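# Sequence unavailable; structure follows:
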(Lines give C-alpha, C1' and ligand atoms only; values in the text may rest on other atoms or scores of the structure.)
Protein backbone atom coordinates (compact mmCIF):
# COMPACT_ATOMS: atom_id res chain seq x y z
CA UNK A 1 0.00 0.00 0.00
CA UNK A 2 1.05 3.58 -0.64
CA UNK A 3 2.33 5.24 2.51
CA UNK A 4 -0.51 7.15 4.16
CA UNK A 5 0.31 9.52 7.05
CA UNK A 6 -3.35 9.44 8.15
CA UNK A 7 -3.14 5.66 8.48
CA UNK A 8 0.04 6.07 10.55
CA UNK A 9 -1.79 8.50 12.80
CA UNK A 10 -4.65 6.05 13.28
CA UNK A 11 -2.22 3.25 14.10
CA UNK A 12 -0.58 5.41 16.75
CA UNK A 13 -3.98 6.01 18.37
CA UNK A 14 -5.00 2.34 18.47
CA UNK A 15 -4.95 2.41 22.28
CA UNK A 16 -5.45 6.15 22.75
CA UNK A 17 -9.00 7.21 21.81
CA UNK A 18 -8.69 10.57 23.58
CA UNK A 19 -5.69 11.59 21.46
CA UNK A 20 -7.47 10.37 18.36
CA UNK A 21 -10.52 12.54 19.08
CA UNK A 22 -8.32 15.57 19.75
CA UNK A 23 -6.53 15.33 16.38
CA UNK A 24 -9.04 13.62 14.07
CA UNK A 25 -11.52 16.51 13.91
CA UNK A 26 -11.00 20.13 12.78
CA UNK A 27 -11.45 21.74 16.19
CA UNK A 28 -11.58 25.53 15.96
CA UNK A 29 -11.39 25.65 12.16
CA UNK A 30 -13.99 27.60 10.18
CA UNK A 31 -17.12 25.53 9.83
CA UNK A 32 -19.14 23.32 12.15
CA UNK A 33 -16.45 23.20 14.87
CA UNK A 34 -15.39 26.83 14.75
CA UNK A 35 -16.34 27.47 18.38
CA UNK A 36 -15.64 23.98 19.72
CA UNK A 37 -12.48 22.97 21.59
CA UNK A 38 -12.85 19.23 22.05
CA UNK A 39 -14.16 16.84 24.71
CA UNK A 40 -15.25 18.15 28.08
CA UNK A 41 -13.70 16.61 31.24
CA UNK A 42 -16.48 14.02 31.58
CA UNK A 43 -16.05 12.78 28.01
CA UNK A 44 -12.24 12.90 28.28
CA UNK A 45 -12.32 10.73 31.41
CA UNK A 46 -14.37 8.09 29.60
CA UNK A 47 -11.98 8.05 26.64
CA UNK A 48 -8.92 7.84 28.90
CA UNK A 49 -10.46 4.92 30.76
CA UNK A 50 -11.21 3.19 27.45
CA UNK A 51 -7.57 3.59 26.42
CA UNK A 52 -6.43 2.02 29.67
CA UNK A 53 -8.69 -0.96 29.06
CA UNK A 54 -7.22 -1.47 25.56
CA UNK A 55 -3.62 -1.30 26.79
CA UNK A 56 -4.34 -3.72 29.62
CA UNK A 57 -5.42 -6.41 27.17
CA UNK A 58 -2.56 -6.02 24.70
CA UNK A 59 -4.45 -7.60 21.80
CA UNK A 60 -2.28 -8.46 18.77
CA UNK A 61 -4.23 -8.67 15.51
CA UNK A 62 -1.29 -10.39 13.75
CA UNK A 63 -1.28 -13.19 16.31
CA UNK A 64 -4.86 -13.04 17.51
CA UNK A 65 -5.81 -14.59 20.79
CA UNK A 66 -9.32 -13.78 22.04
CA UNK A 67 -9.23 -10.99 24.61
CA UNK A 68 -11.64 -10.42 27.44
CA UNK A 69 -14.38 -8.01 26.31
CA UNK A 70 -14.09 -4.34 27.19
CA UNK A 71 -17.43 -3.55 28.85
CA UNK A 72 -18.10 0.13 29.56
CA UNK A 73 -21.30 1.76 30.80
CA UNK A 74 -22.32 5.26 31.82
CA UNK A 75 -25.44 6.22 33.73
CA UNK A 76 -26.04 9.94 33.43
CA UNK A 77 -28.56 12.71 33.53
CA UNK A 78 -29.87 14.57 30.51
CA UNK A 79 -27.69 16.45 28.01
CA UNK A 80 -24.18 15.28 28.93
CA UNK A 81 -23.00 14.65 25.36
CA UNK A 82 -23.46 10.88 25.22
CA UNK A 83 -24.55 10.78 21.58
CA UNK A 84 -21.51 12.79 20.50
CA UNK A 85 -19.26 10.55 22.58
CA UNK A 86 -20.77 7.58 20.76
CA UNK A 87 -20.00 9.22 17.39
CA UNK A 88 -16.36 9.72 18.40
CA UNK A 89 -16.03 6.11 19.55
CA UNK A 90 -17.60 4.89 16.30
CA UNK A 91 -15.07 6.94 14.31
CA UNK A 92 -12.18 5.67 16.45
CA UNK A 93 -13.27 2.03 16.07
CA UNK A 94 -13.63 2.35 12.30
CA UNK A 95 -10.41 4.31 11.77
CA UNK A 96 -7.99 2.46 14.05
CA UNK A 97 -9.24 -1.11 13.56
CA UNK A 98 -9.32 -2.38 9.96
CA UNK A 99 -11.98 -5.05 9.46
CA UNK A 100 -13.80 -4.13 12.67
CA UNK A 101 -17.56 -4.62 12.72
CA UNK A 102 -19.99 -2.64 14.83
CA UNK A 103 -23.70 -2.44 15.56
CA UNK A 104 -25.37 0.66 16.98
CA UNK A 105 -28.83 0.81 18.51
CA UNK A 106 -30.88 3.02 20.84
CA UNK A 107 -33.87 2.64 23.13
CA UNK A 108 -36.31 3.87 20.46
CA UNK A 109 -36.27 4.00 16.67
CA UNK A 110 -36.65 7.78 16.78
CA UNK A 111 -33.71 8.17 19.17
CA UNK A 112 -31.61 5.96 16.91
CA UNK A 113 -32.51 7.78 13.71
CA UNK A 114 -32.64 11.39 14.84
CA UNK A 115 -29.94 11.47 17.52
CA UNK A 116 -27.56 8.52 17.81
CA UNK A 117 -27.07 7.54 14.18
CA UNK A 118 -27.40 11.12 12.92
CA UNK A 119 -24.48 12.12 15.14
CA UNK A 120 -22.36 9.22 13.90
CA UNK A 121 -22.98 10.24 10.30
CA UNK A 122 -22.29 13.91 11.04
CA UNK A 123 -18.99 13.32 12.85
CA UNK A 124 -17.76 10.70 10.38
CA UNK A 125 -18.08 13.30 7.63
CA UNK A 126 -15.94 15.68 9.71
CA UNK A 127 -13.33 13.04 10.49
CA UNK A 128 -9.84 13.00 8.96
CA UNK A 129 -10.60 9.49 7.63
CA UNK A 130 -13.93 10.42 6.02
CA UNK A 131 -12.62 9.58 2.53
CA UNK A 132 -12.06 5.96 3.60
CA UNK A 133 -15.75 5.27 4.10
CA UNK A 134 -19.05 5.17 2.27
CA UNK A 135 -21.58 6.83 4.59
CA UNK A 136 -25.08 5.51 3.96
CA UNK A 137 -28.47 5.93 5.65
CA UNK A 138 -28.21 2.76 7.76
CA UNK A 139 -24.53 1.90 7.66
CA UNK A 140 -20.96 3.16 7.19
CA UNK A 141 -18.78 0.89 5.07
CA UNK A 142 -15.08 0.78 4.24
CA UNK A 143 -14.52 1.43 0.56
CA UNK A 144 -11.74 -1.13 0.69
CA UNK A 145 -13.82 -4.03 2.08
CA UNK A 146 -17.43 -3.02 2.76
CA UNK A 147 -18.58 -6.47 3.84
CA UNK A 148 -15.98 -7.01 6.56
CA UNK A 149 -15.26 -3.46 7.77
CA UNK A 150 -18.36 -1.56 8.77
CA UNK A 151 -20.81 -0.27 11.36
CA UNK A 152 -24.57 -0.54 10.98
CA UNK A 153 -27.63 0.92 12.71
CA UNK A 154 -30.18 -1.58 13.99
CA UNK A 155 -33.48 -0.99 15.77
CA UNK A 156 -33.88 -2.82 19.07
CA UNK A 157 -37.33 -4.35 18.78
CA UNK A 158 -37.31 -7.55 20.79
CA UNK A 159 -38.50 -9.59 17.82
CA UNK A 160 -35.39 -8.41 15.92
CA UNK A 161 -32.98 -9.86 18.47
CA UNK A 162 -31.39 -12.22 15.95
CA UNK A 163 -30.27 -9.21 13.92
CA UNK A 164 -27.63 -8.70 16.62
CA UNK A 165 -26.30 -12.24 16.28
CA UNK A 166 -23.46 -13.54 14.12
CA UNK A 167 -21.19 -10.48 14.41
CA UNK A 168 -17.58 -11.63 14.78
CA UNK A 169 -14.13 -10.20 13.98
CA UNK A 170 -11.47 -12.72 15.07
CA UNK A 171 -8.58 -10.54 13.80
CA UNK A 172 -10.07 -7.22 14.84
CA UNK A 173 -12.89 -5.81 16.99
CA UNK A 174 -16.55 -6.74 17.15
CA UNK A 175 -18.30 -3.91 18.98
CA UNK A 176 -21.74 -2.79 20.10
CA UNK A 177 -23.00 0.62 21.15
CA UNK A 178 -26.33 0.92 23.03
CA UNK A 179 -27.62 4.48 23.47
CA UNK A 180 -30.47 5.11 25.95
CA UNK A 181 -29.71 1.54 26.97
CA UNK A 182 -32.27 1.37 29.77
CA UNK A 183 -34.97 0.92 27.11
CA UNK A 184 -33.14 -1.75 25.11
CA UNK A 185 -34.89 -5.12 25.75
CA UNK A 186 -32.96 -7.75 27.69
CA UNK A 187 -33.22 -10.16 24.75
CA UNK A 188 -31.14 -7.76 22.63
CA UNK A 189 -28.44 -7.58 25.33
CA UNK A 190 -28.31 -11.36 25.57
CA UNK A 191 -27.98 -11.81 21.81
CA UNK A 192 -25.31 -9.13 21.48
CA UNK A 193 -23.17 -10.88 24.09
CA UNK A 194 -22.70 -13.67 21.56
CA UNK A 195 -20.59 -11.32 19.42
CA UNK A 196 -17.97 -10.90 22.16
CA UNK A 197 -16.36 -14.34 21.94
CA UNK A 198 -13.37 -13.66 19.69
CA UNK A 199 -10.93 -10.93 18.69
CA UNK A 200 -10.87 -7.77 20.84
CA UNK A 201 -14.58 -7.16 21.54
CA UNK A 202 -16.03 -3.91 22.92
CA UNK A 203 -19.47 -3.18 24.39
CA UNK A 204 -20.60 0.37 25.25
CA UNK A 205 -23.89 1.22 26.95
CA UNK A 206 -25.16 4.48 28.37
CA UNK A 207 -28.23 6.58 28.98
CA UNK A 208 -30.61 7.79 31.64
CA UNK A 209 -31.57 5.00 34.07
CA UNK A 210 -35.33 5.29 33.66
CA UNK A 211 -35.87 1.82 35.18
CA UNK A 212 -34.55 0.10 38.28
CA UNK A 213 -34.78 -3.26 36.54
CA UNK A 214 -33.28 -4.73 33.37
CA UNK A 215 -29.77 -5.23 32.02
CA UNK A 216 -28.71 -1.57 32.04
CA UNK A 217 -29.64 -1.23 35.70
CA UNK A 218 -27.76 -4.44 36.47
CA UNK A 219 -24.53 -3.38 34.77
CA UNK A 220 -24.55 0.07 36.41
CA UNK A 221 -26.00 -0.61 39.85
CA UNK A 222 -26.71 -4.33 40.21
CA UNK A 223 -25.01 -7.69 40.33
CA UNK A 224 -23.23 -7.32 36.97
CA UNK A 225 -21.64 -3.97 37.83
CA UNK A 226 -18.47 -5.65 39.10
CA UNK A 227 -17.75 -6.91 35.57
CA UNK A 228 -18.27 -3.54 33.89
CA UNK A 229 -16.22 -0.37 33.82
CA UNK A 230 -19.09 1.89 34.80
CA UNK A 231 -19.55 5.46 35.95
CA UNK A 232 -22.32 7.87 36.90
CA UNK A 233 -22.41 11.43 35.53
CA UNK A 234 -24.32 14.27 37.18
CA UNK A 235 -25.71 16.63 34.51
CA UNK A 236 -24.57 19.62 36.54
CA UNK A 237 -20.94 18.62 35.90
CA UNK A 238 -21.18 18.68 32.10
CA UNK A 239 -20.33 21.85 30.25
CA UNK A 240 -23.07 21.21 27.69
CA UNK A 241 -26.11 21.27 29.99
CA UNK A 242 -28.49 24.14 30.68
CA UNK A 243 -27.76 24.83 34.35
CA UNK A 244 -30.68 27.25 34.74
CA UNK A 245 -33.15 24.65 33.50
CA UNK A 246 -31.66 22.03 35.82
CA UNK A 247 -32.05 24.41 38.79
CA UNK A 248 -35.69 24.89 37.77
CA UNK A 249 -36.23 21.11 37.69
CA UNK A 250 -34.74 20.75 41.15
CA UNK A 251 -36.94 23.57 42.48
CA UNK A 252 -40.09 22.16 40.88
CA UNK A 253 -39.56 18.47 41.67
CA UNK A 254 -37.13 18.35 44.60
CA UNK A 255 -33.60 16.96 44.68
CA UNK A 256 -34.84 13.59 45.98
CA UNK A 257 -37.58 13.15 43.38
CA UNK A 258 -37.35 10.37 40.82
CA UNK A 259 -37.46 12.98 38.07
CA UNK A 260 -34.26 14.66 39.31
CA UNK A 261 -32.62 11.35 40.23
CA UNK A 262 -32.95 10.13 36.64
CA UNK A 263 -32.80 13.33 34.55
CA UNK A 264 -30.08 15.10 36.52
CA UNK A 265 -28.21 12.82 38.92
CA UNK A 266 -28.02 9.73 36.71
CA UNK A 267 -29.52 7.55 39.45
CA UNK A 268 -32.31 5.00 38.94
CA UNK A 269 -35.82 5.88 40.13
CA UNK A 270 -37.02 4.66 43.50
CA UNK A 271 -40.26 3.57 41.85
CA UNK A 272 -40.12 0.75 39.32
CA UNK A 273 -40.46 3.14 36.35
CA UNK A 274 -39.88 6.84 35.86
CA UNK A 275 -42.32 6.69 32.95
CA UNK A 276 -45.96 7.13 33.86
CA UNK A 277 -46.96 4.51 31.28
CA UNK A 278 -44.47 1.65 31.01
CA UNK A 279 -43.37 0.17 27.68
CA UNK A 280 -44.50 -3.37 28.52
CA UNK A 281 -48.07 -2.14 28.90
CA UNK A 282 -48.00 -0.32 25.55
CA UNK A 283 -46.20 -3.17 23.78
CA UNK A 284 -48.93 -5.57 24.88
CA UNK A 285 -51.65 -3.23 23.59
CA UNK A 286 -49.91 -3.04 20.20
CA UNK A 287 -50.03 -6.83 19.80
CA UNK A 288 -53.42 -7.57 21.36
CA UNK A 289 -56.39 -8.65 19.25
CA UNK A 290 -59.22 -6.20 20.04
CA UNK A 291 -62.39 -7.61 21.57
CA UNK A 292 -65.51 -5.46 21.66
CA UNK A 293 -68.88 -6.14 23.29
CA UNK A 294 -72.06 -5.33 21.38
CA UNK A 295 -73.13 -2.56 23.73
CA UNK A 296 -69.88 -0.57 23.72
CA UNK A 297 -70.39 3.08 22.60
CA UNK A 298 -68.08 4.69 20.04
CA UNK A 299 -66.17 7.59 21.61
CA UNK A 300 -63.94 10.09 19.79
CA UNK A 301 -61.21 12.46 20.93
CA UNK A 302 -59.98 15.47 18.94
CA UNK A 303 -56.63 17.02 19.85
CA UNK A 304 -56.43 20.31 17.96
CA UNK A 305 -52.97 21.43 16.90
CA UNK A 306 -51.88 25.08 16.63
CA UNK A 307 -50.13 24.43 13.32
CA UNK A 308 -46.46 24.10 12.51
CA UNK A 309 -45.07 20.73 13.59
CA UNK A 310 -48.21 19.97 15.63
CA UNK A 311 -50.99 17.98 13.99
CA UNK A 312 -54.69 17.74 14.70
CA UNK A 313 -55.72 14.15 15.40
CA UNK A 314 -59.18 12.58 15.68
CA UNK A 315 -59.08 9.18 17.42
CA UNK A 316 -61.93 6.68 17.77
CA UNK A 317 -62.34 4.10 20.53
CA UNK A 318 -65.04 1.51 21.15
CA UNK A 319 -64.50 -0.19 24.48
CA UNK A 320 -61.11 -1.90 24.41
CA UNK A 321 -60.64 -1.28 20.68
CA UNK A 322 -58.77 1.86 19.60
CA UNK A 323 -57.34 0.24 16.48
CA UNK A 324 -60.07 -0.93 14.11
CA UNK A 325 -61.27 2.51 13.07
CA UNK A 326 -58.40 4.49 11.58
CA UNK A 327 -57.47 7.86 13.07
CA UNK A 328 -57.92 11.06 11.09
CA UNK A 329 -54.67 13.06 11.09
CA UNK A 330 -54.50 16.60 9.73
CA UNK A 331 -51.04 17.99 9.01
CA UNK A 332 -49.68 21.07 10.74
CA UNK A 333 -50.52 23.68 8.11
CA UNK A 334 -53.99 22.28 7.36
CA UNK A 335 -54.78 22.02 11.08
CA UNK A 336 -54.97 25.82 11.18
CA UNK A 337 -58.03 25.61 8.94
CA UNK A 338 -60.76 25.42 11.57
CA UNK A 339 -63.46 25.16 8.89
CA UNK A 340 -61.79 21.98 7.64
CA UNK A 341 -61.73 20.48 11.15
CA UNK A 342 -65.37 21.41 11.75
CA UNK A 343 -66.32 19.76 8.47
CA UNK A 344 -64.47 16.55 9.30
CA UNK A 345 -66.07 16.34 12.75
CA UNK A 346 -69.55 17.15 11.44
CA UNK A 347 -69.29 14.47 8.75
CA UNK A 348 -68.29 11.87 11.37
CA UNK A 349 -71.05 12.96 13.78
CA UNK A 350 -73.74 12.78 11.07
CA UNK A 351 -72.95 9.13 10.31
CA UNK A 352 -75.82 7.26 12.01
CA UNK A 353 -74.86 3.76 10.93
CA UNK A 354 -74.76 1.59 14.08
CA UNK A 355 -71.06 0.79 13.84
CA UNK A 356 -70.09 4.43 13.10
CA UNK A 357 -72.44 6.36 15.34
CA UNK A 358 -70.38 8.53 17.72
CA UNK A 359 -71.80 8.67 21.23
CA UNK A 360 -69.45 11.41 22.42
CA UNK A 361 -66.75 13.65 20.97
CA UNK A 362 -64.26 15.23 23.40
CA UNK A 363 -62.27 18.21 22.14
CA UNK A 364 -59.18 19.82 23.66
CA UNK A 365 -60.19 23.36 24.62
CA UNK A 366 -56.73 24.92 24.18
CA UNK A 367 -57.20 25.37 20.43
CA UNK A 368 -60.59 23.72 19.96
CA UNK A 369 -63.05 25.94 21.82
CA UNK A 370 -64.27 27.60 18.61
CA UNK A 371 -64.75 24.18 17.00
CA UNK A 372 -66.90 23.00 19.91
CA UNK A 373 -69.00 26.15 19.77
CA UNK A 374 -69.63 25.79 16.04
CA UNK A 375 -70.57 22.10 16.37
CA UNK A 376 -73.07 23.04 19.10
CA UNK A 377 -74.60 25.61 16.73
CA UNK A 378 -74.92 22.85 14.14
CA UNK A 379 -76.94 20.84 16.63
CA UNK A 380 -74.42 18.34 17.91
CA UNK A 381 -75.01 18.33 21.66
CA UNK A 382 -72.78 15.28 22.20
CA UNK A 383 -69.60 17.36 21.70
CA UNK A 384 -67.75 18.34 24.87
CA UNK A 385 -64.93 20.77 25.52
CA UNK A 386 -62.12 19.49 27.76
CA UNK A 387 -59.68 21.74 29.62
CA UNK A 388 -56.50 19.71 30.14
CA UNK A 389 -55.37 21.95 32.98
CA UNK A 390 -58.75 22.11 34.68
CA UNK A 391 -59.67 20.50 37.97
CA UNK A 392 -60.95 16.94 37.72
CA UNK A 393 -62.55 16.32 41.12
CA UNK A 394 -60.47 13.17 41.67
CA UNK A 395 -58.21 13.51 44.70
CA UNK A 396 -55.57 11.28 43.08
CA UNK A 397 -54.86 13.62 40.12
CA UNK A 398 -53.70 17.22 39.87
CA UNK A 399 -55.75 18.04 36.79
CA UNK A 400 -57.91 16.59 34.03
CA UNK A 401 -54.90 15.76 31.81
CA UNK A 402 -53.38 13.57 34.50
CA UNK A 403 -56.76 11.90 35.09
CA UNK A 404 -57.29 11.12 31.40
CA UNK A 405 -53.82 9.67 31.08
CA UNK A 406 -54.39 7.67 34.26
CA UNK A 407 -57.57 6.15 32.86
CA UNK A 408 -55.78 5.38 29.59
CA UNK A 409 -52.96 3.69 31.50
CA UNK A 410 -55.42 1.40 33.27
CA UNK A 411 -57.23 0.69 29.99
CA UNK A 412 -54.01 -0.34 28.18
CA UNK A 413 -53.84 -3.53 30.28
CA UNK A 414 -56.67 -4.94 28.13
CA UNK A 415 -56.93 -2.41 25.29
CA UNK A 416 -55.71 -2.60 21.68
CA UNK A 417 -53.96 0.28 19.90
CA UNK A 418 -52.34 0.70 16.47
CA UNK A 419 -49.01 -1.11 16.13
CA UNK A 420 -46.94 2.07 15.72
CA UNK A 421 -43.58 3.11 17.14
CA UNK A 422 -44.49 6.81 17.24
CA UNK A 423 -47.61 6.20 19.30
CA UNK A 424 -45.68 4.03 21.75
CA UNK A 425 -43.01 6.73 22.06
CA UNK A 426 -45.64 9.36 22.83
CA UNK A 427 -47.50 7.25 25.38
CA UNK A 428 -44.32 6.26 27.26
CA UNK A 429 -42.66 9.68 27.07
CA UNK A 430 -44.08 11.61 30.06
CA UNK A 431 -42.69 11.17 33.53
CA UNK A 432 -44.61 11.99 36.68
CA UNK A 433 -44.30 13.01 40.30
CA UNK A 434 -46.54 13.61 43.32
CA UNK A 435 -47.06 17.17 44.53
CA UNK A 436 -47.14 18.24 48.18
CA UNK A 437 -50.77 17.10 48.44
CA UNK A 438 -49.87 13.66 47.00
CA UNK A 439 -51.72 14.31 43.77
CA UNK A 440 -50.21 12.87 40.60
CA UNK A 441 -48.68 15.47 38.27
CA UNK A 442 -47.91 14.42 34.71
CA UNK A 443 -44.77 15.88 33.14
CA UNK A 444 -45.67 18.74 30.73
CA UNK A 445 -45.49 17.68 27.11
CA UNK A 446 -43.23 20.63 26.35
CA UNK A 447 -40.59 19.12 28.65
CA UNK A 448 -41.01 15.68 27.08
CA UNK A 449 -40.50 17.15 23.62
CA UNK A 450 -37.55 19.26 24.83
CA UNK A 451 -35.77 16.04 25.81
CA UNK A 452 -36.23 14.98 22.15
CA UNK A 453 -37.98 11.79 23.22
CA UNK A 454 -40.71 12.58 20.73
CA UNK A 455 -41.46 15.38 18.30
CA UNK A 456 -45.14 15.70 19.24
CA UNK A 457 -47.79 14.27 21.57
CA UNK A 458 -50.85 14.67 19.36
CA UNK A 459 -51.74 11.00 18.81
CA UNK A 460 -51.40 10.12 22.50
CA UNK A 461 -53.39 13.15 23.69
CA UNK A 462 -56.13 12.34 21.17
CA UNK A 463 -56.40 8.78 22.50
CA UNK A 464 -56.44 9.97 26.11
CA UNK A 465 -59.23 12.44 25.29
CA UNK A 466 -61.52 9.45 24.73
CA UNK A 467 -61.29 8.92 28.51
CA UNK A 468 -62.37 12.47 29.39
CA UNK A 469 -65.79 11.39 30.64
CA UNK A 470 -68.16 8.49 31.20
CA UNK A 471 -70.40 7.35 28.38
CA UNK A 472 -73.44 5.11 28.85
CA UNK A 473 -73.52 1.70 27.24
CA UNK A 474 -75.62 1.26 24.12
CA UNK A 475 -79.19 0.16 24.72
CA UNK A 476 -80.19 -3.44 23.98
CA UNK A 477 -81.62 -2.44 20.62
CA UNK A 478 -78.80 -0.27 19.33
CA UNK A 479 -80.79 0.82 16.29
CA UNK A 480 -83.20 2.92 18.39
CA UNK A 481 -83.61 6.66 17.64
CA UNK A 482 -81.54 9.35 19.31
CA UNK A 483 -80.97 8.76 23.01
CA UNK A 484 -79.13 10.40 25.85
CA UNK A 485 -75.67 8.88 26.23
CA UNK A 486 -74.27 10.83 29.16
CA UNK A 487 -74.82 10.25 32.83
CA UNK A 488 -74.95 12.94 35.47
CA UNK A 489 -73.69 10.40 37.99
CA UNK A 490 -70.27 8.77 37.91
CA UNK A 491 -69.92 5.42 36.21
CA UNK A 492 -67.97 2.51 37.65
CA UNK A 493 -66.72 1.43 34.24
CA UNK A 494 -63.49 3.45 34.11
CA UNK A 495 -64.01 5.59 37.19
CA UNK A 496 -65.21 9.18 36.95
CA UNK A 497 -66.63 12.09 38.80
CA UNK A 498 -69.91 12.84 37.03
CA UNK A 499 -68.77 16.25 35.84
CA UNK A 500 -70.66 16.18 32.52
CA UNK A 501 -74.09 17.63 32.00
CA UNK A 502 -76.93 15.10 31.56
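Sure thing, it's come through. Quantities reported herein were computed from a predicted structural model and do not represent experimental measurements. Numbering: from 1, shown residues only.

# residues in contact with stretch 346-354?
300, 314, 328, 356-358, 361, 375, 378, 380, 382-383, 478-479 (Cβ atoms under 8 Å, 6 or more residues apart in numbering). (Each C-beta comes from the backbone N, C-alpha and C, glycine too.)

# Enumerate the positions of that stretch that are buried.
The neighbour-count check on stretch 346-354 (16 or more other Cβ atoms under 10 Å) flags 346, 348-349 as buried.

# same deal with stretch 232-242?
For stretch 232-242, by 16+ other Cβ under 10 Å, it's 233-235, 238, 241.

# can you check stretch 184-192 too?
Residues 184-185, 187-189, 191-192 are the ones in stretch 184-192 that count as buried (16+ other Cβ under 10 Å).

# Likewise for stretch 381-393?
382-386, 388, 392.

# For that stretch, the averaged confidence score.
For stretch 381-393, the mean per-residue pLDDT is 93.

# Quote the end-to-end distance of that stretch.
Stretch 381-393 has its terminal residues 23 Å apart, counting by Cα to Cα, to the nearest Å.

# quick one: it to chain centroid distance?
Stretch 381-393 sits 29 Å away from the centroid of its parent chain (Cα atoms, centre = their mean, to the nearest Å).

# Tell me which residues are up against it.
By Cβ under 8 Å, 6+ apart, stretch 381-393 touches 345, 349, 358-366, 368-369, 372, 375-376, 399-404, 461, 465, 468-469, 485-486, 497, 499-500.

# Can you list the buried residues in the worst-scoring helix or strand of the chain on mean pLDDT?
The weakest-scoring helix or strand in the chain, judged by mean pLDDT, DSSP states H and E, is helix 445-450 (a mean of 78). For helix 445-450, burial by neighbour count (16+ other Cβ under 10 Å) applies to 445, 447-449.

# Which of those sits closest to residue 206?
Closest approach between the buried residues of helix 445-450 and residue 206, by Cβ to Cβ: residue 448, at 20.4 Å.

# Find the residue closest to the closest one in space, skipping its chain neighbours.
residue 429 (4.4 Å; Cβ to Cβ, 6 or more residues apart in numbering).

# And for that neighbour, the neighbour number?
By other Cβ atoms under 10 Å, the residues close to residue 429 number 21.

# quick one: it and residue 457 touch, right?
Yes - assessed by Cβ atoms under 8 Å, residue 429 is found in contact with residue 457 at 7.1 Å.

# list the residues that contact both of those two?
445, 448.

# Looking at the buried residues of stretch 232-242, which one is closest to residue 93?
Of the buried residues of stretch 232-242, the one sitting nearest to residue 93 (Cβ to Cβ) turns out to be residue 233, at 21.6 Å.

# confidence score at the nearest residue to the closest one once chain neighbours are set aside?
Distances taken as Cβ to Cβ, 6+ apart place residue 76 nearest to residue 233, at 3.6 Å, with adjacent residues excluded. Looking at residue 76, its pLDDT is 96.

# Okay, residue 76 and residue 9: tell me how far apart.
Using Cβ to Cβ, to the nearest Å, we find residue 76 at a distance of 30 Å from residue 9.

# Which positions in the longest helix belonging to the chain come out as buried?
Taking DSSP state H as the criterion, the chain has its longest helix at helix 41-57. By 16+ other Cβ under 10 Å, the buried positions in helix 41-57 come out as 42-44, 46-47, 50-51, 53-54.

# coming back round to it: now render the buried residues of helix 445-450 as JSON lines, adding distance to residue 159.
As requested, the buried residues of helix 445-450 are exported to JSON lines (distance: Cβ to Cβ, whole Å):
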{"residue": "445", "distance to residue 159": "29"}
{"residue": "447", "distance to residue 159": "31"}
{"residue": "448", "distance to residue 159": "26"}
{"residue": "449", "distance to residue 159": "28"}
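
# hang on, residue 302 in a helix?
No - according to DSSP: H, G, I helix; E, B strand; the rest coil, residue 302 belongs to no helix; its state is strand.

# Report how many residues lie close to it.
By other Cβ under 10 Å, the residues close to residue 302 number 28.

# So it is in contact with residue 464, correct?
No - using Cβ under 8 Å, residue 302 is not in contact with residue 464, being 11.8 Å away.

# Show me where the stretch 401-502 of the chain dips below the pLDDT cut-off.
For the stretch 401-502 of the chain, the stretches with pLDDT under 70 are 450-455, 475-502.

# Would you map the strands across it?
432-434, 440-442 (DSSP state E, counting those that start in this stretch).

# before we move on, the earlier item: which among the buried residues of helix 41-57 gets closest to residue 263?
Nearest member of the buried residues of helix 41-57 to residue 263, counting by Cβ to Cβ, is residue 42, at 16.2 Å.

# and that closest one, what does it touch?
Contacts of residue 42 by Cβ under 8 Å, 6+ apart are 80-81, 233, 237-238.

# among the residues you listed, which are in strands?
Taking DSSP state E as the definition of strands, the contacts of residue 42 contribute residue 233.

# wait, residue 173 sits on residue 199?
Yes - here residue 173 reaches residue 199: they are 5.9 Å apart, a contact under Cβ under 8 Å.

# So which of the two has more stuff around it?
Shown here are residue 173 and residue 199; by other Cβ under 10 Å, residue 199 has more neighbours (26 against 23).

# Distance of that one relative to residue 67?
7 Å.

# what touches both of the two?
residue 59.

# So which of the buried residues of stretch 184-192 belong to helices?
187-189, 191-192.

# domains of this structure?
5-253, 279-465 (automatic domain parsing).

# To residue 267, which of those domains lies closest?
domain 5-253 (6.6 Å).

# and the end-to-end length of the closest one?
Start-to-end, domain 5-253 (Cα to Cα) is 54 Å.
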